[in-house]
Structures are given as C-alpha cells and as structure tokens.
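Participant: sequence first, predicted coordinates after that:
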Amino acid sequence: MSELDAALTVFAQEAEELLTDMEDALLSLESKPDDSETINSLFRAMHTIKGSSGLFGFNAIVGFTHEAESVLDKVRNGERGIDAELISVLLNSKDHTAKLIEHCLTQKDAALPASLAADGERLIRQLTGRQTTDMQQSDDSAQLEIEGGGEISVDDNWLISLEFQKDAFRNGMDPLSFIRYLRTLGEIKQILTVASEMPAGDDMDPESCYLHFKIAFQSDANKQTIEAVFDFASDDCDIKILPPNSKLEEYVNLLNAQDDNHVNRLGDMLVQVGALTQNDVNHALQSQQANIDSEQAVPGKPLGEILVEQHVVQQPLVDQALKKQEQTKQKLASEANYIRVDATKLGHLINLVGELVISSAAMTLIVEKHGLSDAGDVAASMNALVSSIRDTALELRMVQIGETFSRFKRVVRDVSKELNKDIELYISGGETELDKTVVEKINDPLTHLIRNALDHGIESPAQRLAAGKPAQGTVQLNAYHESGHIVIQIADDGVGLNSEKILNKALANGLIKPDHDLSQQEIYNLIFAAGLSTKDQATNLSGRGVGMDVVKKNIEALRGSVEIDSIEGEGTTISIRLPLTLAIIDGFMVGTGHDRYIIPLSMVDECIEMNANECEIDDIQHYINLRGQVLPYLRLGDYFHNQIADSNRKRESVVVVKSGQTKAGFVVDELHGEHQTVIKPLGKVFERLNGITGATVLGDGNVALILDVQGLIQAAIKNKSRPAPFLTSQRIQ
Amino acid sequence: MSNLIRRETGHAVAVQEQVGQYLTFLVGTESFAVSILDVKEIIEIANVTRVPLTPDYIHGVINLRGSVVPVIDLSARLSRHCSEVSKRSCIVLVAVETGEGSQLIGMLVDEVREILEIPPANIQPAPDFGTDIRTDFIQAMARVDDVFIILLAISRVLSLDELSLLSDLAQSQDHLLANAD
C-alpha cells in the first residue's frame, strides 16, 4: 500500500466518523435548535471534510461541502435560523457527501455521474434558497445597544469607550488630544459624548473631567496598537476597546487554528489571537480577585464573564475560546487514551490468549499429576495471571453499544416520516459494553426489529388518539447487563400482539395442532417460525413475522436468545439476550459417564446433591422439589445417549441452571469445577445441533462440548415436565 | 462453490490424461479409494469425544492441533455397521469446500492400505446399480489387478449440507422417541 493509499484510508475513515457525528448533531438539533455547540460541530464536520478533500484534489466534494459550509457558517453566526426543513436538507446533504466521497474513493478519475451531480445542485439550491431574506434580519440584529444614550453601529468598527476620571485634567490629560491622535490610525465614524455625570450648575468644577466618550472607530490596526494610543491615560481613564464584529470571525478562525498541543488559559488564548491585550486581562483578573476578596462566600465569577461585563470582548468570542479550550482538553485526553489498532491484530492476540489459556490448563494438569508441590504454587500464580490477561484481552474488544443505538435515530426519523407517524426513539443504557464482533452482527437483527416496531407496532396518530393514547408513539431501546449476558430491549407502545390471530394462522399453516396446549409465551414465539412469514399473512397479523425467523436465527448464531412480551393494545417488548463475548467464557465442567461437558458459569445457579433429603425424587415426572419450588430436570447422560437408567447410580449431583426467568436442573455424575473455556466452533456439520453450542480443548488435549443451556431447558420442559407449564410463562402476567 | 467445480473438473482432467494417485483403505473388508489430492493428512485415532444427539455416522470430534474437527464414521456413512475401533484404525483428514472456505473433516477408516497409481484406462464410470452403497457416493470404479475398487466422491460422501441436515433429522427422531415413552 502506497503512502497515498494509506492517507486515503485515513481520509475515508475520518470522513465517515465526521459524517456520523454530523448526523448525530443534526438529529439532536431537532430537539434543541439553539445549541451553538452542536451547530459548530456541524460546521467543523463540513469544514474538515472540505479541507481534506481539497488535499486529495476531490473537487466535487470540495465544491459541495463549501456550499454546505457557508450555509452552516451563517447559521453559526446567527444570520440564519435553523428549522426542521433546513435540518432535512442538511441530512440529505450529509448523505450526498457520503456518496460523493464513495464515488471519489472508488473511481478517482471518473467524472461525477449525472444523477449525483443533479442531486448536488438541487441540494445546493435548497441550502442557499432562502438565504437573502434571512440576511436582512441579521443586519438589524447587529446593532448594539449602548447604555448612556444613543446607538452606535458596530458592524465594522471598533467600539472604544473612554471613561476619564475627574482628575484627568489635573494630571495633564486632554481627552481631545487622544482622540485626535486616534485619527492617525484610522477613521472615527461616530463619536458619542456621554455627559450623564455632569453635575448641575454650581457644583461643576471646571477643572474636573465629567465627560465620557464612545467612539466608533474604523481601522486596520490591531487592538494592541489602538490601546497604545491611550497608554499615557491608562491611570486616569477606564479604557475599553471592543473589537468590531467583522474581526470576530477572524478571531474565531484564529482561535480554531490555535495549536492543539497544550491547554492554554482563557486569557492567554484571547490575547494570542489579538482580541484582548494583556492589560485587559490583568484588569479583569484584578477585578476577579477583588470580587473574591469582597464576597468570600460567593465563588468568583469566571474570567470570561468579567471580560464580557467589562465590554472588552464579545460574548461569542469568549464562548468560542472556552469551547476551543474544552476541545483541546478533550483532544489531548483522547489522544492520550486511545490507540487505533487493526482489528485483525486484536483478533490474533485474542486467539493467542486462548491458546495460552489452554496450555496453562495443561500445565496445571501435569503439575497435579506429578504431585510437584513447589511447582504448584508457580502454576497457580501463573494461572491467575493468565486469567487476568484473558480478561484484559477480551476487554480490548469491548465497545459501548451506544453508537449502534444512535444510528437508529435516523432510521426512526426516516421511517416515521415515510409512514406519516409521529414516533420518538428513547435510548438508554448506551454505555453498556459488549464484544465488537457481537455489536457488528447484532446490527441487522436490531434494524429489522425496530423497523417492525415502527411499521407494524406503532399505530397511526389517528388510531392512537382513538385508542386513548398520545398521538406520538414511542420506541425504546435499552441495554443492560444481566448475569454474563447483555440484554437489549426494543419496546414499543403500539398495538401489541394478538395471540388469537397468531394461533389461527399457525393452525392454518399446520405449525401447531389444535390439541396443542400452548402458553402465551409459546404463542408469541410462533412469530419467529419461518412458516408465518409470508407477506399476505403478515398484514393480517399486523405484519410481524416477516423475516423474523432470520432474526431469530442470527441471534441464535451468536448464542443468544429472543423473548417476546406483549400486552394487546399496549405494546410489545422484545428482549434479546446475548453473550458478552464470543471467544472465551468462564465455564463449569461436569461429567456424565466418560463424557465431559462445559456449562457456561454465568448460567449456573447452584449445585446440589441429588440424594440430599430436601430433594424429593420423582423419577417418573422428572422434577424435584427445590426448597418448595418445582424444578424440572434432565439426566444429561440419558438424554444425550438414550441410555437406560442405571438402577444403582452412584452419587449424583444436580446443577441448577437458569436462563432468563426459567430454571432447570441437569443431573450429572461428576462436578469438575470451574474451567476457563476457549470456545472453538463446531463447524457447519453441527450447526443445526440443539443442545450443544460449541466445543473446547481441555488441558489433556481432549475435546469437551459446551452445552446450550437455553436449548436444553426447552427440551427438558417440552419432554418431561408438562406438570410445570408456569415455568415457561412467568413473565406473562 | 466455484472452487468445488474447479476441483471436480480438475479431477476429470486427471482421470483422462494422466495417471492419478489414489489412497486406498479398508472399510470393513472392502477396499475404497480417494484421490490423493483430496487427502490432507492421515492420523492415528486418538481420543474422540462423542457428540450427543447425532446419527451413528458422526463418530465424534477430535482435537487437531487446537482446532476441533468432526470425524465421520465412513462405514456407518456407507450404510454399514459402525466401525469397531482397532489398532489399525486411522482418521483420514480431507478438506471439504464450504461457502465460506474449506473445512477439515476426518473419515474414520479401518485400515489404510497404500497409494496406487491408476491409469485412466483402468477407470470406468460407476454402474447404475449393483453396488450396495448410494450411487452418488461413487465417483468411478477403478480396476486394479482384476479387482474393482470404488473411488469415493468425497464432495458427496462428506457433503456438509447433507451431514448437518441428517443430524437434524436424527435429533427430531430422538425427540419423538423421548415423547413416545
């Protein structure tokens, strides 16, 4: 890969991130349109993309982003209001930019396809269309009110306020001479004399100076130079110099261009760009100090606020500087905390750690076999280290699910517009972490489920109002951790599932037989059946079922499970349970006969002895009494190999496992204890095998199978324990 | 899939134009052969872990240098009795193409014999009937010293689609049994 290619990869990545940020920002603007921070981030996104595209000579991108950038700049400066329409256009512009980038990256030299170019032009027209009228308004707002009488236009002028003290004349200061000297630097556009302190007739002392001046001054000189004019008077005069609005932009740009490599103090930043002079800052600092001294209880005002109060700098500039300061801090923090790593390298590392775990288990085994007590200590401490290395390595791949969630904001927005529904998406638990490989694979099923909720779950506003619900529907996305799993919930407050209709459809399709006695939960689960997913039936069934079998299959491929809970007329909640990682788990090893099996430790509730008194054995019904609760169980050996029950069994144990709300027991011969389990796929041959999800290599080189607790529990309930049907439907009230 | 096709045409070329090398082995007392190009490795039979709820022809899984590899009992797969594992039993590892790449599968055979060079002239198409194994499992018949050896069509015998499907069937049968009692 040449250097340019590498740079292009970085460009593509960066652009993608920026565009994602931009979309987030636009969506959040819908709810709070005045957030200047967000508007700025929009501007920056377009600006950065424009800049980097220019670097590579992607003129098409530069041309388009330039237009978007100018519009955003106007919005940023308050010259143009932001409304839903503009947000829509900007969202489309974002998509268009993405397309342009893709085009430029894939076919570098080819001309822009006509459709893309036409799209661009249309968007530019939409972007710039209403600009002129908005400009008019902005001119009005640029007038600055000045206390003490009169208004001074500050558009392109410096605003200088001179408050001479009474002793000025006595100290040999003549205000007029300063003002005259000022004219050598530029043009005085307007001068306002404030005489509010002038006492009446007799009280006036002709030797005192009562006059204050406000001067609108046009000049190319910088602030330092202007301030130097009044250098001599600084002891006898309060001088405030406010830079012109036109300069503001320059300052803002300068601020943005400031070095990112260290965090400056606010004052220093403003002095550096020339918006303030050192004097201004000293002055403000003094008054800040004075404030603190005088009102000890109240914390001193921030420097920025004081500077604005003293009229030496405009509010937007301070805001910008503060923001820049914050950004720099963040950037420094993130630079210090993150390293971009190739995912394949990480995958390789995790594989190696997996092998390390296996060989460390092998070593422990050998140490035990030979009874090397002194080596045992070393082995034990190495085992502890290996397991923490394993945990750390797996954490490397953990990412927050929030980013995946926030993508759905756009889906919800677009789909609800398309369907003419008013739907709000609420997201919670975005900080929940799970393995990146899982995140990638969960995206499609989630999209499908959310689309389903939007399309078929939530009713139209009219229907909702008729049903006594608020017109706006809600969809909630939630994620949380639960016993070694992550649970993702998609809840809508729509029509819910109609179990009768599902039953009828399933009967008509021959999926179930009339004499089947199904729990509510089992009926809901029917919507995942492949046979229930043709379109015709979908509409009758309020649509659910289209491709739901695929969703279920995808989730099960991740060793996860789906549960549906619904109240007709009030909504549906779909819960997806997924393992946190696909690579290594903490397992619990058990044995039946010569076979050894691993149960994921997170699913093991407790182990009890089968022969203990409190367990009433009922061999025919296959359930035991666990402290007053009915616990269906499965003899693993019998179930797996159809062995005839041995009448004189040895001591047996019951491993109580739980999955979601259901509990069941596995009866085994031996308990081998905890085992760090590196999951090896079983491959395509066994992909339809129920009850086993994978395999692992034990320390002695043998293979042990990992049990699919969920599947086995279902088998236990289905096969053996009709007496305990409530176990399946605890969640349904 | 395209790989698969390429492989098969490759065989055809080998069959027609040059002397092909074939690995012969015994299943029960019968001789079979597969093209040497299909064979990755021959290993001694080691600890095999049984996989529950699978039909007889799934012998189990083994640990091959850290990866878990399924082993097919060839005798059972060819509708005979399950193999009795003896000292001479071996696992012949072959690579089977899947949609996402190739997967190693082991074939449990009773004894590995030798590698034979069989000229194309001695190879004949499979008869339509007259053998007791499924005709689609037979790629061709090879005549060696006046004895016919069946050349197995590995892609059919170890068809992943079929293997996974049948293990599914066996399982539902299991459940039916369980339900019945």
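Facilitator: Noted; the coordinates are in hand.

Participant: ok, now which ones touch the residue lying closest to residue A:698 once chain neighbours are set aside?
Facilitator: Leaving aside its chain neighbours, residue A:698 sits nearest to residue A:704 (5.3 Å; criterion: Cβ to Cβ, 6 or more residues apart in numbering or on different chains). In this view, the C-beta of every residue, glycine as well, is placed from N, C-alpha and C. Residues counted as contacts of residue A:704 (Cβ atoms under 8 Å, 6 or more residues apart in numbering or on different chains) are A:589, A:596-598, A:695-698, B:49.

Participant: now residue A:704: how far from residue B:49?
Facilitator: 7 Å (Cβ to Cβ, to the nearest Å).

Participant: so what's the residue nearest to residue A:698 bridging to?
Facilitator: Applying DSSP bridges to residue A:704 gives these bridge partners: residue A:696.

Participant: per-residue confidence at it?
Facilitator: Per-residue pLDDT puts residue A:704 at 91.

Participant: residue B:40 too?
Facilitator: With respect to pLDDT, residue B:40 scores 91.

Participant: which residues does the helix or strand harbouring it contact?
Facilitator: Using DSSP states H and E, residue B:40 maps to strand B:39-44. Contact with strand B:39-44 is made by B:23, B:64, B:90-95, B:104, B:106, B:112, as judged by Cβ under 8 Å, 6+ apart.

Participant: quick check on the closest residue to chain A within chain B: phi, psi?
Facilitator: When scored by Cβ to the nearest Cβ, chain B has residue B:52 as its residue closest to chain A, at 3.1 Å. Per-residue torsions, residue B:52: phi -70, psi 160 (degrees, to the nearest 10).

Participant: what does the one 5 residues further on give?
Facilitator: Torsion angles at residue B:57 (phi, psi; degrees, to the nearest 10) stand at phi -70, psi -10.

Participant: contacts only, for it.
Facilitator: Contacts for residue B:57 (Cβ under 8 Å, 6+ apart) come out as B:72-74, B:76-77, B:166.

Participant: tally of neighbours for residue B:114?
Facilitator: For residue B:114, the count of nearby residues is 9 (other Cβ atoms under 10 Å in any protein chain shown).

Participant: pLDDT value on the closest residue to residue A:473 other than its chain neighbours, please?
Facilitator: Distance criterion Cβ to Cβ, 6+ apart; nearest residue to residue A:473, sequence neighbours excluded, is residue A:458 at 3.7 Å. Looking at residue A:458, its pLDDT stands at 84.

Participant: residue A:490 is in contact with residue A:458, correct?
Facilitator: No - Residue A:458 is beyond contact range of residue A:490, at 11.9 Å (criterion: Cβ atoms under 8 Å).

Participant: between these two, which is the more surrounded one?
Facilitator: The residue with more neighbours, out of residue A:458 and residue A:490, is residue A:458; 27 against 21, by other Cβ under 10 Å.

Participant: list the contacts of that one.
Facilitator: With contact taken as Cβ under 8 Å, 6+ apart, residue A:458 is in contact with A:421, A:423, A:464, A:473, A:475, A:492-495.

Participant: Throw the residues you listed into JSON lines and include distance to residue A:507, secondary structure and pLDDT, thanks.
Facilitator: JSON lines is the format used below for the contacts of residue A:458 (distance: Cβ to Cβ, whole Å; DSSP: H, G, I helix; E, B strand; the rest coil; pLDDT from 0 to 100):
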{"residue": "A:421", "distance to residue A:507": "32", "secondary structure": "coil", "pLDDT": "84"}
{"residue": "A:423", "distance to residue A:507": "33", "secondary structure": "strand", "pLDDT": "86"}
{"residue": "A:464", "distance to residue A:507": "31", "secondary structure": "helix", "pLDDT": "86"}
{"residue": "A:473", "distance to residue A:507": "31", "secondary structure": "strand", "pLDDT": "87"}
{"residue": "A:475", "distance to residue A:507": "31", "secondary structure": "strand", "pLDDT": "89"}
{"residue": "A:492", "distance to residue A:507": "27", "secondary structure": "strand", "pLDDT": "88"}
{"residue": "A:493", "distance to residue A:507": "29", "secondary structure": "coil", "pLDDT": "87"}
{"residue": "A:494", "distance to residue A:507": "25", "secondary structure": "coil", "pLDDT": "83"}
{"residue": "A:495", "distance to residue A:507": "21", "secondary structure": "coil", "pLDDT": "82"}
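
Participant: is it true that residue A:459 lies in a strand?
Facilitator: No - counting by DSSP: H, G, I helix; E, B strand; the rest coil, residue A:459 is not found in a strand; it is coil.

Participant: for the residue lying closest to residue A:226 once chain neighbours are set aside, give me phi and psi.
Facilitator: Excluding the flanking residues, the one nearest residue A:226 by Cβ to Cβ, 6+ apart is residue A:241, at 5.7 Å. Main-chain torsions, residue A:241, degrees, to the nearest 10: phi -120, psi 120.
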